[in-house]
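>>> Build me a model:
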Amino acid sequence: MQHTDAIVIGAGQAGLAMSHCLSRRGIDHAVLDRGRVGERWRSERWDSLRLLTPNWMSRLPGWQYRGPDPDGYMTMPEVVRFLEGYARAGSAPVETGVTVHAVERAGDGYRVETDQGVRRARAVVVATGHCDVPMVPAMARDLPADIHQITPSRYRNPDSLPDGGVLVVGASATGVQLAEELHRSGRPVTLSVGRHTRLPRLHRGRDIMWWMDRIGVLDERADRARDLGRARAQPSLQLVGHPDRRTIDLAALHDQGVRVVGRTAGVDGGRITLCDDLAETTAAAQATMDRLLARIDAFAGPSKTEGVRPIALPPSPSALDLRAEGIRSVVWATGFRRDYGWLKVPVLDAAGEVIHHGGVTPSPGLYVLGLRFLRRRKSNFIDGVGADAEELAEDILGHLAKHGLAKHGLAKHSYVAA
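Residues are numbered from 1 along each chain as shown. The predicted structure follows:
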């Protein structure tokens, strides 16, 4: 049985950032991943996807984007190369192709069972991320068998779907991107809209993320949030990382010919029931966006730039008859959940989510990293996970020191640029 001070589960941006921070503190550790470095960026993303954040925001502890296009948006192969370079530069102790089957308490540490044997560690960091398992509503089971159903993790390009019309359910970043791509491929597309966070790609000539970074929105702390549960449940930003930096919102999709309808409420055979909430939903998104833009304008000073106009859409029908509409596919762009069935430690709530305070669970030595609004509003971004990792690494160092195990000394690695 192998022993180490700490085990990090997951070799994406969160796991690699934690590895860097542990190495700098002289903490012996291993990073385990069932696939390769950045596996989800490789195998669970569609072909045309780009990051929603500009390249200059690709910043990890000791590593950042140094390429020729700081205002561009990385493709998925570029993200993978960025992470691979990070792992190589720091000689991160990554073990790929190792699947974790169970983590459980063992004395004053943890027993980690894998398909490559059993490990023991005083500390474990769960860095499997926020976007784990696609969340498909139970109503999907009631769709007819001849309706093709797919999640964004399985979708690659329009050829992934059979001929015919497509219903995209969900209008956050993923939903609007897939609706546009499928429409441009020549398919009739209907987009079913629920709660969403509308933002312009550019404001006053700069990327909206530049403004959010500059005024401190992304660094807002979880412990100061008025309603942390609501903040963590906020839909992903409705942004698209097109090279031309254009905004794709419901108005743009409607103008292109995408049919925009209300939230999907139920399924009865081949009939989809829709809510009469489209105007309310778009108005709520408008109000949230207006508050942010007003905050930016107050920071930046007077400008002749007009605000973003409200979206006016035709009333939504109350239902869709899939066969009558020629809809043969449904894309469930309805978000993600986390699957911790392998975590055999009593730190899960009734919904199966890890109970934690800033990534520190009630079980000493067990941590979680990379979740939305873990410690900061940007905690699940590449740009945000590093600061959380630094703070958690200090906690881990303190935890190990209690057992006389911390290996103090100079940082093992020093590297600064990609």
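
>>> Please identify the buried residues of the helix or strand that contains V80?
Here V80 sits within helix 76-89, counting by DSSP states H and E. Neighbour-count burial for helix 76-89, counted by 16 or more other CB atoms under 10 Å, picks out 76, 78-80, 82-84, 86-87, 89. Glycine gets a C-beta too; all of them are placed from N, C-alpha and C.

>>> pLDDT below threshold where in the stretch 151-300 of the chain?
Scanning the stretch 151-300 of the chain for pLDDT under 70 picks out no residues.

>>> picking up where we left off before, who touches the helix holding V80?
Applying CB atoms under 8 Å, 6 or more residues apart in numbering, the contact partners of helix 76-89 are 11-13, 16, 19-20, 37-38, 41-42, 45, 47, 49-51, 58, 60, 62-63, 65, 74, 92, 94, 413, 415, 418.

>>> Next, format the buried residues of helix 76-89 as a markdown table and append distance to W210 and pLDDT.
Shown next, in a markdown table, are the buried residues of helix 76-89 (distance: CB to CB, whole Å; pLDDT from 0 to 100):
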| residue | distance to W210 | pLDDT |
| --- | --- | --- |
| M76 | 23 | 97 |
| E78 | 20 | 98 |
| V79 | 20 | 98 |
| V80 | 25 | 98 |
| F82 | 20 | 98 |
| L83 | 23 | 98 |
| E84 | 27 | 98 |
| Y86 | 23 | 98 |
| A87 | 28 | 98 |
| A89 | 27 | 96 |
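
>>> A179: which of those residues is nearest?
Nearest to A179, judged by CB to CB, of those is M76 at 19.3 Å.

>>> Now for D290: which residues touch it?
Contacts of D290 by CB under 8 Å, 6+ apart are 307-308.

>>> My error: substitute D115 in the last question.
98-99, 101.

>>> got it, and A171?
179, 191-194, 196, 238, 250, 333.

>>> For stretch 224-233, buried residues please.
R232.

>>> Quote the end-to-end distance of that stretch.
16 Å (CA to CA, to the nearest Å).

>>> any residues touching it, and which ones?
Contacts for stretch 224-233 (CB under 8 Å, 6+ apart): 222, 371-373, 377.

>>> Taking the residues you listed together, which two end up most distant?
L371 and R377 (12.1 Å).

>>> All the helices of the stretch 301-418 of the chain, residue numbers only.
Taking DSSP state H, counting those that start in this stretch as the criterion, the stretch 301-418 of the chain contains helices spanning 322-325, 382-402.

>>> Name the residues of the last one that are buried.
Neighbour counts using 16+ other CB under 10 Å place 382-393, 396-397, 399-400 of helix 382-402 among the buried residues.

>>> Can you tell me which of these is closest to A265?
The nearest one, if we look at the buried residues of helix 382-402 relative to A265 and count by CB to CB, is G384, at 34.1 Å.

>>> Grab the nearest non-local neighbour of the closest one.
K378 (3.1 Å; CB to CB, 6 or more residues apart in numbering).

>>> what does G170 give?
Per CB to CB, 6+ apart, closest to G170 is A333, 3.5 Å.

>>> so who does the one you found touch?
So A333 contacts 151-152, 168-172, 174-175, 178 (CB under 8 Å, 6+ apart).

>>> Could you work out the most separated pair of those residues?
Top of the distance list for the contacts of A333 (CB to CB): T151 and A171, 15.5 Å.

>>> number of nearby residues for the nearest residue to F336 once chain neighbours are set aside?
Nearest residue to F336 in three dimensions, chain neighbours excluded: C131, at 4.5 Å (CB to CB, 6+ apart). When counting by other CB atoms under 10 Å, one arrives at 21 neighbours for C131.

>>> What distance do you get for C131 to E39?
To E39, C131 is 12 Å away according to CB to CB, to the nearest Å.

>>> what's the single longest helix in this protein?
The longest helix of the chain (DSSP state H) is helix 278-300.

>>> Run through the residues that contact Q234.
Counting by CB under 8 Å, 6+ apart, Q234 has contacts 197, 372.

>>> let's see 7 Å
T197 (CB atoms under 7 Å, 6 or more residues apart in numbering).

>>> what do you get for T288?
T288 neighbours (CB under 7 Å, 6+ apart): T197.

>>> now it: how far from V261?
For T288 relative to V261 (CB to CB), the value is 21 Å.

>>> if we can go back for a sec, so which of the contacts of D115 wins on neighbours?
V98 (20 neighbours).

>>> distance between the ends of stretch 33-47?
23 Å.

>>> what's the residue lying closest to V347 once chain neighbours are set aside sitting at in phi/psi?
Nearest non-adjacent residue to V347, counting by CB to CB, 6+ apart: T361, 4.4 Å away. T361 adopts backbone torsions of phi -90, psi 170, taken as degrees, to the nearest 10.

>>> measure T361 to G398 for me?
For T361, the distance to G398 - CB to CB - is 15 Å.

>>> Also G12?
If you go by CB to CB, the gap between G12 and G398 works out to 25 Å.

>>> before we move on, what about V169?
Distance from V169 to G398, by CB to CB: 45 Å.

>>> A121 too?
Taken as CB to CB, the span from A121 to G398 is 16 Å.

>>> same thing with D108?
Taking CB to CB, one finds D108 at 14 Å from G398.

>>> what do you get for A285?
The value you get for A285 to G398, if CB to CB is used, is 42 Å.

>>> can you redo the contacts of D115 as CSV with pLDDT and secondary structure?
Formatted as CSV, these follow (pLDDT from 0 to 100; DSSP: H, G, I helix; E, B strand; the rest coil):
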residue, pLDDT, secondary structure
V98, 98, coil
T99, 98, coil
H101, 98, strand
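
>>> Closest one to V308 out of those residues, please.
Nearest to V308 among those, with distances taken as CB to CB, is T99, at 45.8 Å.

>>> How about that closest one: what's its closest non-neighbour residue?
For T99, the spatially nearest residue (CB to CB, 6+ apart) is R34, at 4.2 Å.

>>> tally of neighbours for the one you found?
Neighbours around R34, by other CB under 10 Å: 16.
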